[in-house]
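Engineer: everything below, folded, please.
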Amino acid sequence: MSDVKTIKPKELAKIHEKQGVKLIDVRTPAEFREIHAPIAVNIPLDKLDAKHIQERQNGNGAEPVYVICQSGNRSTRACQKLIEAGITNVVSVEGGTSAWDQLGLPVNRGKKTISLERQVRIAAGFLVLTGALLGMFVNPWFSGLSAFVGAGLMFAGITDTCGMALLLAKMPWNQVSDNKQKQCHV
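Structural biologist: Residues are numbered from 1 along each chain as shown. Next up, the predicted model:
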């Protein structure tokens, strides 16, 4: 795995004031709608197309592509995806949108939503509880549901990829109609 370059939000804001930057927010459209840096455009991680971004760089690759998410995890994965596709000048924003907002940098706020990370915790907890209760009161074989979710959480922790998050990101409540959001045409 390649090392991903990072930048602090304040430093990125200063660079943007001087010369403008391309900032890609890889969160779900609903998360983006809730709060985002005004300089960001939304390309959800599952729709990130490295070839499209590479074409927009005019082939020189000298101009950095900055990537942001909620806390830094998804943006690091996005940067790794871009690096693997041959775009080497990519930078992840440390601490993500949370750090950007906490530093008092400008943000656009919209309709509140539940973050993808919280949705995963809620869904996993619900499935574990359901499996345990069904295992106790209906049939012991239902305990396998809890074991399956536990194994999935371990796999997510070890590999730093979460199938449940990828699935939840595609759910209708995590989508926003195209005319309600600023999407990327970077």
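Engineer: can I get the least confident helix or strand in the chain by mean pLDDT as CSV, trimmed to CA atoms?
Structural biologist: Taking mean pLDDT, DSSP states H and E as the measure, the chain has helix 50-56 as its least confident helix or strand, at a mean of 84. What follows is helix 50-56, C-alpha atoms only, in CSV (Å, rounded to 0.1, in the frame of the first residue of the first chain):
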residue,chain,number,x,y,z
ALA,A,50,-9.9,7.7,-11.4
LYS,A,51,-9.8,7.7,-15.3
HIS,A,52,-12.3,10.6,-15.3
ILE,A,53,-10.2,12.6,-12.8
GLN,A,54,-7.0,11.8,-14.7
GLU,A,55,-8.5,13.1,-18.0
ARG,A,56,-9.5,16.3,-16.3
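Engineer: list the contacts of the helix or strand following that helix.
Structural biologist: Counting by DSSP states H and E, the next helix or strand C-terminal to helix 50-56 is strand 65-68. The contact list for strand 65-68, computed with CB atoms under 8 Å, 6 or more residues apart in numbering, reads 7, 12, 21-26, 37, 40, 53, 57, 75, 78-79, 82, 87, 89-93, 96-97, 100, 186. For glycine as for every other residue, the C-beta is placed from the backbone atoms N, C-alpha and C.
Engineer: please name every helix or strand in contact with the longest helix seen in the chain.
Structural biologist: Using DSSP state H to define each element, the chain has its longest helix at helix 116-137. Identification of packing neighbours for helix 116-137 by 3 or more CB pairs under 8 Å, 6 or more residues apart in numbering; DSSP states H and E yields helix 143-159, helix 163-169.
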